[in-house]
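Asks: requesting a structural model of the entry that follows:
(chains A and B, ligands or ions: 2)
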Amino acid sequence: MGDFSQKWARFLKYFIEYEGYKRVQTGLKNTLIIAVLGLLFGILIGTLIAAVRVMPKYKRLPRILNGFCSFYVGFFRGTPMVVQLLLFYYVLLPILGIKVSSVQVSVLVFSLNSGAYISEMMRAGIQSVDPGQMEAGRAVGLSFSATMMMIVIPQAIKNILPTLGNEFIALIKETSVVSFVGASDLYVAFNYIGSNSYEFMVPYIVMALIYIVLVVIITILIKLMEHYFAKSDRRK
Amino acid sequence: MSENKAVAATEEVILKVEGLKKDFGDKHVLNGIDITVNRGDIICVIGPSGSGKSTFLRCLNCMEDPTAGHIMFDGEDLADMSVDINLHRQNMGMVFQHFNLFNNKTVIQNIMLAPVHTGKKAFRRLREKSGYSSVAEIKEKAQKEAMALLKRIGLEDKADVYPSTLSGGQKQRVAIVRALAMKPKVILFDEPTSALDPEMVGEVLDLMRDVAAEGMTMIIVTHEMGFAREVANRVLFIDEGVILESAAPAEFFGNPKHPRLKDFLSKVL
Ligand SMILES: Nc1ncnc2c1ncn2[C@@H]1O[C@H](COP(=O)(O)OP(=O)(O)OP(=O)(O)O)[C@@H](O)[C@H]1O
Ligand SMILES: [Mg+2]
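Replies: Numbering: from 1, shown residues only, chains lettered A, B, ... in the order given. Ligands and ions are numbered 1, 2, ... in the order given. Next up is the predicted model:
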């Protein structure tokens, strides 16, 4: 145990005196930026794709869009996130001549990736909404998209809230791969402290704790949201 | 018995259906339906299960696209895929067997939603010419009208609850005033009482009677023979996707002609 308190003291020294906490702050900020923006844009992209996929298909445009969406979802679900990050950062964006920071690339890839996963959840969510809801909207003269936006999607989101929460948690955890393109996240910060202090045990334990705390906070937030949405359920 | 019936029925044609056919794949569900509806008509549609009554109703507002035929409404053919169907649906309300109130909206929001949405759209396009001077005014007016409708059905205290807390009869009455809120020219009813507990059927039929007495044009698919006899000015019998009989209720029920209608009535009456 004396060994551990020595390690702890050493960690604190590097964390506070040598200002390792600043790196942790940056890391935490980047982790959250990437995961939160990834989730928000992912919901946006996923909802659009899901709406395309449940559109009636007797016209040409929806069929073409649908084909494109299948390809997109297939690609992002069929390859690992790291591969996508590397492809975008080292291949696609340079070819297109677009210069962006590694955090920006990470946000882009996380959005596109979670968009693909969320589209499948959202599709299931939309299909779980009683078709009578869409019919009633159309019957009062609302368009397909207006009914989707105002009636069907809010109910779909409510239905898939727990799965969306899981997706957010997965995103938070997956941010640990953004160091592959040079973005500094929590892992990079604690790894830095570890390699400078020649002591990895405490930094990695603290890192794990931070991830756990993040996940617990998110879990509580989701519970609160579910509670909020439950007001339209059978209860007064 | 006939004094409150068809008071407002006029000679003004509101809806004219010609040669309406509907196939689902190679299944022929509607096989050529012709009917003319005048303003103020209360038309009840009866027929055996699976005869195409719902399909007929759903083709009228193109919830199902007709395979062939014409649906003349407001000077346009709704069967023509190029018409703005959303615009026409605003003039053609629909009430469903399972109510289909918007679950994520409160009762009053259910009623206001479409009027506000279409009002805003008109305002964006036409500005002052839409008859409104601001978006706030659209909302205010819709809210006032929705409240008046709720008062009419005695549910003003339920304005801010969600539909899931209502009884079936209350839900259906809200669904009916939701249709009324758009001030449609016709309302289509698909078995509005058949999902209700028996003790709630009366309150819904009462409201429909009330709406009919105001001169609303209504097409009602129903199994309530008593209601059809009392309120309709014409009753249709549909079987295998064609209208086999169409007559005033006294004639229809008192002196049915088609053997299949006789057979049907002998089973249900
Ligand atoms: N979307 C659809 N796809 C395929 N077949 C359908 C569809 N909708 C209805 N049908 C078929 O068309 C026929 C007529 O159905 P419809 O619902 O119009 O009958 P109905 O007279 O309303 O019957 P009920 O009294 O049971 O409501 C039925 O055989 C039904 O199975
Ligand atoms: Mg039916």
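
Asks: what about chain A, any weak spots by pLDDT?
Replies: Scanning chain A for pLDDT under 70 picks out the ranges A:1-2, A:231-236.

Asks: if I look at the residue most central in space within it, how far off is A:Ile212?
Replies: Nearest to the mean C-alpha position of chain A, by Cα atoms, centre = their mean, lies A:Leu39 at 3.5 Å. According to Cβ to Cβ, to the nearest Å, A:Leu39 stands 19 Å off from A:Ile212. Quick note: C-beta positions are derived from backbone N, CA and C, even for glycine.

Asks: likewise A:Val24?
Replies: Going from A:Val24 to A:Ile212 by Cβ to Cβ gives 15 Å.

Asks: repeat for A:Ile118
Replies: When distance is defined by Cβ to Cβ, A:Ile118 is 24 Å away from A:Ile212.

Asks: nearest spatial neighbour of B:Cys246, skipping sequence neighbours?
Replies: Not Cys; residue B:246 is Ser. What sits nearest to B:Ser246 in space, not counting adjacent residues and going by Cβ to Cβ, 6 or more residues apart in numbering or on different chains, is B:Leu236, at 4.9 Å.

Asks: tell me, what residue is most central in chain B?
Replies: Nearest to the geometric centre of chain B sits B:Leu188, at 1.6 Å (Cα atoms, centre = their mean).

Asks: that residue: what secondary structure?
Replies: strand (DSSP: H, G, I helix; E, B strand; the rest coil).

Asks: need the longest helix for the chain.
Replies: Picking chain A for this. Selection of the longest helix in chain A by residue count, based on DSSP state H, yields helix A:20-54.

Asks: switch to chain B, please.
Replies: Using DSSP H, we find that the single longest helix of chain B is helix B:107-126.

Asks: touching it from outside, list them.
Replies: Residues from elsewhere that reach helix B:107-126, judged by Cβ atoms under 8 Å, 6 or more residues apart in numbering or on different chains: A:140-142, A:146, A:150, B:90, B:101-102, B:105, B:130, B:132, B:134-135, B:138-139, B:141-143, B:145-147, B:149-150, B:155, B:158-163, B:166, B:174, B:177-178, B:181-182.

Asks: do a quick rundown of the helices in chain A.
Replies: Assigned by DSSP H, chain A shows helices spanning A:2-12, A:20-54, A:60-78, A:81-86, A:93-96, A:102-127, A:131-139, A:144-147, A:153-174, A:186-197, A:201-229.

Asks: to B:Gly226, which of those helices lies closest?
Replies: Among these, the nearest to B:Gly226 by Cβ to Cβ is helix A:131-139 (27.1 Å).

Asks: so what's residue 70 up against?
Replies: Chain wasn't specified; assuming chain A. Not one residue lies near A:Ser70 by Cβ under 8 Å, 6+ apart.

Asks: that's the wrong chain, I wanted chain B
Replies: By Cβ under 8 Å, 6+ apart, the residues touching B:His70 are B:Lys16, B:Val17, B:Glu18, B:Gly19, B:Leu20, B:Asp77, B:Ala79.

Asks: among those residues, which lie within strands?
Replies: B:Lys16, B:Val17, B:Glu18, B:Gly19, B:Leu20, B:Asp77 (DSSP state E).

Asks: please report phi then psi for B:Arg234.
Replies: phi -150, psi 140 (degrees, to the nearest 10).

Asks: A:Val202: what's it in contact with?
Replies: A:Lys7, A:Trp8, A:Arg10, A:Phe11.

Asks: pretty sure B:Val201 sits against B:Glu224.
Replies: Yes: the criterion here is Cβ atoms under 8 Å, and B:Val201 meets it with B:Glu224 at 7.3 Å.

Asks: which residues are in contact with each of the two?
Replies: B:Thr193.

Asks: re the thing from before, right, and the residue nearest to B:Ser246 touches B:Ile42 too?
Replies: No: between B:Leu236 and B:Ile42 there is no contact under Cβ under 8 Å: 11.7 Å.

Asks: so the two - more neighbours on which side?
Replies: Set B:Leu236 next to B:Ile42 and count neighbours by other Cβ atoms under 10 Å in any protein chain shown: B:Ile42 wins out with 30 against 23.

Asks: just the pLDDT for that one.
Replies: The model reports B:Ile42 with a pLDDT of 97.

Asks: can you give me every residue that contacts A:Ser114?
Replies: By Cβ under 8 Å, 6+ apart, A:Ser114 lies in contact with A:Gly38, A:Leu39, A:Phe41, A:Gly42, A:Ile45, A:Gly46, A:Glu167, A:Leu171.

Asks: narrow these to those that are buried.
Replies: A:Gly38, A:Leu39, A:Phe41, A:Gly42, A:Ile45, A:Gly46, A:Glu167, A:Leu171 (16 or more other Cβ atoms under 10 Å in any protein chain shown).

Asks: what's the spacing between stretch B:96-103 and its chain's center?
Replies: Distance, stretch centre to chain centre, for stretch B:96-103: 13 Å (Cα atoms, centre = their mean, to the nearest Å).

Asks: residues in contact with it?
Replies: Contacts of stretch B:96-103 (Cβ under 8 Å, 6+ apart): A:130, A:132-133, A:135-137, A:139, A:150-151, A:155, A:232, B:107, B:109-110, B:113, B:162-164, B:166, B:168, B:171-172, B:174-175, B:178, B:190-192, B:194-195.

Asks: near ligand 1, which of these show up?
Replies: For ligand 1, no contacts are drawn from those by Cβ under 6 Å from any ligand atom.
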